[in-house]
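[1] let me see the structure of the following:
(2 chains)
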Amino acid sequence: MSAEAALATWLGDYRGNRIDLPGADDPRLAERRERAIALVESAGLPHRRLEEWKYSDLLHRLASEYEPATPWAGALVREGALADPFADIACNTLIFANGFFRADASSPPEGLTVTTLAESGVPDGALPALDAQLARADDAIGNLNLALARDGVFITVPAGFKAERPLHIVYLDPAASGARRARTVRSQIRLEEGAELTLIETYLGKGGAEDVTNAALDITLSERAVLSHVRVLSDGESATQIHSLNAALEKGARYAPTILNLGAGYCRTTMRLEMQGAGAHAEVTALAALGGREHNDLTTILRHAVPGTTAMQTVKSVLAGKSRGIYQGRVVVMPGANGTDSTQLAKSVLLSREAEADTKPELEILADDVKCAHGATIGALDPAALFYLRARGIPKAEALAMLVEAFLGDALGAIADEPLREAAAAALRARLAALEVTL
Amino acid sequence: MAIVDETRAEVEARAGDKYKYGFVTDIEMDRAAKGLSEETVRFISAAKNEPSWLLDWRLEAFRRWQAMAEPKWARVHYPPIDFQNAYYYAAPKKKQELASLDEVDPQILATYEKLGIPLSEQKMLAGVAVDAVFDSVSVATTFKAKLAEAGVIFCPISEAVRDHPELVRKYLGSVVPVTDNFYATLNSAVFSDGSFVYVPPGVRCPMELSTYFRINASETGQFERTLIIADKGSYVSYLEGCTAPKRDENQLHAAVVELVALDDAEIKYSTVQNWYPGDENGRGGIYNFVTKRGDCRGPRAKISWTQVETGSAITWKYPSCILRGDDSVGEFYSIAIANHFQQADTGTKMIHLGKNTRSRIISKGISAGKAQNTYRGLVSVHPKAEGARNYTQCDSLLMGPECGAHTVPYIESRNPTATVEHEATTSKISEEQLFYARSRGIPADEAVTLIVNGFCREVLQQLPMEFAVEAQKLVGISLEGSVG
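    Numbers count the residues shown, from 1 in each chain, chains lettered A, B, ... in the order given. Down below sits the predicted model:
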């Protein structure tokens, strides 16, 4: 399918179904969807000739016929290629099945405002983030998501509220039908002044279907709000996962996302962090353990807009089989944003002759009183360490597994909550055990 | 400390931003008509009595160029260039065959004197042979005899086309193909002259080879073409230094440099680029779009690039190494200084193809005033590059709130036995270091020069002696007045 035909397919979905999309009769939303689709039409779908998509051929993944996903009312199993690692953790749970919210299976927490797009449309407070999306005219994926979003959840944590239990959002893919489906979900989380929340997201899928998930999450953190965010992805080899994660941090806010890609045919996460208030701090951790022909692309754009904001990014990948791990991280320090301290660390280990790692840690600095640094390495596991272990009678496979686990595992320290960290570590171990080391 | 004092003296002597080399020499020029067409290409080729294969090569390049678009990905901004509003060929008017230096136009000689290039026998003591390029045509070459004795060919490329066509034909365009990029293709079509070096097998070139480029006539684009071939087991060190007179119009420069290192050969290529950067308001200055690439074609070959970039309004330059031979080595040492309204987008590419290939990148970027300085580099390890090794360090120093420093490294590895390491830092001059120096009675300006020279030291050390001294002075002069 040509690029034009692929674009026509997605535009056709919108044009054919717009009267059935949630909020079709709400001019606030309908008008924004119209603007979004117009932007997609003029920008076209992402292709490799665009710098931001240089390493990840998305067009190829979007260029075939699909059916929009439909609500699923059947039984739910919290399992993907791996079982839900957080099933045993006491959480308030929101369940999405096939891209639609399942109220009957969910237990929204008390004290938080939770509404869904399909049920109650867009609350007024969610409009600014949609307008911010429309302002990114060349972000075709984000705008396509806005135009086609069929469900999503809007969560507000009121000022000063400190949630006791984590909020766990589980995205399940229960219908393993043969047809290729597209799911489009757009959610928002807003933490008002001084609010605190731990958010867990798990994307679980295993189907052989070549489903495409386009998910966007807009996060707004008001003054001194604190959001810990753990996202685990475990999907099938032919799945396509496209994620937009947009966060704006006000004065003194802290955001700590930890993203674990434990398998997905193709995953692209575009993370945009806007550091808008002095003292805001972001701590990004992203780990990927891939095999087969899996492809993971983490692209971050971290903008320090005001003086005195800090950020740290740690990205680690272990690549087996014919997998490919990509990190494109751009740090922008705007004029006058003095006192910025921003670091990027990207490390990849290749476990096979056919794996590939591509890293582009980019600095764009327009102020002078800043501290910015990045480090990147790509290589094999340390042969000296391997020798050390083997000399002590540990078999090669086991020794390799230990080293890989140690390499990735120390980054999990970013998850402050211990049971949560342990659960994430267990999931990571399970994934690593399934990877084939061919060195 | 002596060097700092010297720098101070130099700065004072030059009283602010007056560009030392801002003078124009009046000599008769042989010019092609303004604009670029097939006719221009034919004119240049005819003026140089070129064989038909070279004319065909140029015409092919010109045809390809017409279908190409200017690259837009670099972080540099400038008004559109009207390629039809420039002269593509200017040669000092030819009188007759020159028998000795005495016959060289005295005005040209005087110009060199102002530039500090003594084209005289004393130069012999310094061990430097100078192939002086004056507006596109080499007018004099010294020390030919000594080089000839060693079997080294060092001559203008136009002469090489005549005397050594087999070498030129074999290697020209073999590292930078005709269609490589917009500016390289333009250069292939209209290149006027440049240097040609061939070092025969096993020969260590007896002296440092040096060429001074100089842009003289207003509105004349300069399209140098340099080709250096180091045959098996040979060694050559080549120095390139640049100055240009002060002009208000922007001038275009699109050079191509090709290096070929065969088995066990080593080429060291050093550049000090000090072209007119424009005035403090961003008026004028050279547009420098250069394609430089070296090919380590045989095992254990080594190519080392060292550059000190202080000039030009716009720099677009990525000296690269193709590490084809097993165990070959590529190095890139760079200092890029951008002050006032200068824009520099420079870096390197290290393409690891052979086994156990090694590369090292040390880049120091300094931004001051309203300048934008970008490091853009690629390290690519191909599947067969068993045991390849790269180390990259790029540091940026910011001076002043209105400048920018950017780092865009691409790191790609497709071999698990390869090790690629990249480090980068960006910071301003440390208050602590400044305080330390100042509390010992060193004035602010001097302290800055001292710290900056320390920041650049790793790269300055790589330069041959003659250049290191000049480069160190340049660092101080380029940053003059940038500390508030």
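[2] please enumerate the helices of the chain.
    Going with chain A. A:3-17, A:27-43, A:59-62, A:117-120, A:127-135, A:140-148, A:383-391, A:396-409, A:418-434 (DSSP state H).
[3] the chain in question should be chain B.
    Using DSSP H, helices in chain B cover B:2-13, B:38-47, B:52-66, B:106-115, B:122-126, B:144-150, B:157-163, B:165-171, B:182-190, B:431-439, B:444-460, B:465-478.
[4] pull the CA atoms of the longest one into PDB?
    C-alpha atoms of helix B:444-460 as PDB (Å, rounded to 0.1, in the frame of the first residue of the first chain):
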ATOM      1  CA  ALA B 444      39.200  38.300  33.700                       C
ATOM      2  CA  ASP B 445      39.900  38.300  30.000                       C
ATOM      3  CA  GLU B 446      43.200  36.500  30.500                       C
ATOM      4  CA  ALA B 447      41.700  34.000  32.900                       C
ATOM      5  CA  VAL B 448      39.100  33.100  30.300                       C
ATOM      6  CA  THR B 449      41.700  32.600  27.600                       C
ATOM      7  CA  LEU B 450      43.700  30.500  30.000                       C
ATOM      8  CA  ILE B 451      40.700  28.300  30.900                       C
ATOM      9  CA  VAL B 452      39.600  28.000  27.300                       C
ATOM     10  CA  ASN B 453      43.100  27.000  26.200                       C
ATOM     11  CA  GLY B 454      43.000  24.400  28.900                       C
ATOM     12  CA  PHE B 455      39.500  23.200  27.700                       C
ATOM     13  CA  CYS B 456      41.000  22.800  24.100                       C
ATOM     14  CA  ARG B 457      44.300  21.400  25.100                       C
ATOM     15  CA  GLU B 458      43.700  17.800  24.000                       C
ATOM     16  CA  VAL B 459      43.000  19.000  20.500                       C
ATOM     17  CA  LEU B 460      45.800  21.700  20.300                       C
END
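[5] so what does that helix touch, helix or strand wise?
    In terms of contacts (3 or more C-beta pairs under 8 Å, 6 or more residues apart in numbering or on different chains; DSSP states H and E), helix B:444-460 is packed against helix B:2-13, strand B:302-309, strand B:329-338, strand B:358-368, strand B:389-399, helix B:431-439, helix B:465-478. (Each C-beta comes from the backbone N, C-alpha and C, glycine too.)
[6] the longest one vs helix B:444-460, what angle?
    I take that to be helix B:465-478. 140 degrees (axes from the mean of the first three to the mean of the last three C-alpha atoms, to 10 degrees).
[7] end-to-end on stretch B:277-296?
    33 Å (C-alpha to C-alpha, to the nearest Å).
[8] which bits of the stretch 251-400 of chain B sit near chain A?
    Applying C-beta under 8 Å from any C-beta of the partner chain, we find that the stretch 251-400 of chain B lies next to chain A at B:381, B:383, B:396, B:398-400.
[9] where's the dip in pLDDT among those?
    Least confident by pLDDT among these: that is B:G400, with 84.
[10] give me the neighbour count for that one.
    When neighbours are counted by other C-beta atoms under 10 Å in any protein chain shown, B:G400 registers 17.
[11] do B:I361 as well
    If we define neighbours as other C-beta under 10 Å, then B:I361 has 25 of them.
[12] how close does it sit to chain A?
    12 Å (C-beta to the nearest C-beta, to the nearest Å).
[13] so in terms of bridging, what pairs with that residue?
    Applying DSSP bridges to B:I361 gives these bridge partners: B:F332, B:T392.
[14] quick check, pLDDT for the closest residue to B:V203 other than its chain neighbours.
    Closest residue to B:V203 apart from its sequence neighbours, by C-beta to C-beta, 6 or more residues apart in numbering or on different chains: B:S234 at 4.9 Å. Reading off the confidence values, B:S234 has pLDDT 97.
[15] buried sites along stretch A:19-26?
    A:21-23 (16 or more other C-beta atoms under 10 Å in any protein chain shown).
[16] do stretch B:463-477 as well
    Buried residues in stretch B:463-477 (16+ other C-beta under 10 Å): B:463-464, B:466-468, B:470-477.
[17] what about the chain, any weak spots by pLDDT?
    Just so you know, I chose chain A. A:175-177, A:207-208, A:439 (pLDDT under 70).
[18] hmm, no, I was thinking of chain B.
    For chain B, the ranges with pLDDT under 70 are B:1-32, B:90-144, B:211-221, B:242-250, B:466, B:480-484.
[19] tell me which residue is most central in it.
    B:T271 (4.9 Å; C-alpha atoms, centre = their mean).
[20] how much space is there between that residue and chain A?
    25 Å.
[21] of the helices of chain A, which approaches B:I337 most closely?
    Smallest distance to B:I337 across the helices of chain A (C-beta to C-beta): 36.6 Å, for helix A:127-135.
[22] who's in contact with the closest one?
    A:28-29, A:32, A:35-36, A:39, A:122, A:139, A:142-143, A:146, A:188, A:216, A:218, A:220, A:246, A:248 (C-beta atoms under 8 Å, 6 or more residues apart in numbering or on different chains).
[23] do stretch B:365-373 as well
    B:75-76, B:280, B:282, B:335-344, B:374-375, B:394-400, B:402-407, B:452, B:455-456, B:479, B:482.
[24] in PyMOL, select just the buried ones from these.
    To isolate the buried ones among those in PyMOL, judged by 16+ other C-beta under 10 Å, type:
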select buried, chain B and resi 75+76+282+335+336+337+338+339+340+341+342+343+344+374+375+394+395+396+397+398+399+400+403+404+405+406+407+452+455+456+479+482
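[25] deepest of the helices of chain B, which one?
    helix B:182-190 (a mean of 26; mean count of other C-beta atoms under 10 Å in any protein chain shown).
[26] check which helices and strands it is in contact with.
    If you count contacts as 3+ C-beta pairs under 8 Å, 6+ apart, helix B:182-190 packs onto helix B:38-47, helix B:52-66, strand B:256-261, strand B:286-296.
[27] with only the CA atoms kept, save the first one in CSV.
    Provided in CSV are the C-alpha atoms of helix B:38-47 (Å, rounded to 0.1, in the frame of the first residue of the first chain):
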residue,chain,number,x,y,z
GLU,B,38,27.2,24.2,-19.0
GLU,B,39,29.1,27.0,-20.7
THR,B,40,30.8,28.0,-17.4
VAL,B,41,31.9,24.4,-16.9
ARG,B,42,33.3,24.2,-20.4
PHE,B,43,35.0,27.5,-19.9
ILE,B,44,36.8,26.4,-16.8
SER,B,45,37.8,23.1,-18.3
ALA,B,46,39.1,24.8,-21.5
ALA,B,47,40.9,27.5,-19.5
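[28] check the offset of it from the chain's centre.
    Mean-position distance between helix B:38-47 and its chain equals 26 Å (C-alpha atoms, centre = their mean, to the nearest Å).
[29] tell me which other helices or strands that helix touches.
    helix B:52-66, helix B:182-190.
[30] now the angle from the shortest one to strand B:256-261?
    Spelled out, it's helix B:182-190. Going by the same axes, to 10 degrees, helix B:182-190 makes 90 degrees with strand B:256-261.
[31] and the angle for helix B:182-190 with strand B:286-296?
    90 degrees.
[32] just the CA atoms of helix B:182-190, as CSV, please.
    Extracted C-alpha coordinates of helix B:182-190, given in CSV (Å, rounded to 0.1, in the frame of the first residue of the first chain):
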residue,chain,number,x,y,z
PHE,B,182,24.8,19.2,-3.3
TYR,B,183,28.0,21.1,-2.5
ALA,B,184,30.4,18.2,-3.5
THR,B,185,28.6,17.8,-6.8
LEU,B,186,28.8,21.6,-7.4
ASN,B,187,32.5,21.4,-6.6
SER,B,188,32.9,18.4,-9.0
ALA,B,189,31.4,20.5,-11.8
VAL,B,190,33.3,23.7,-11.3
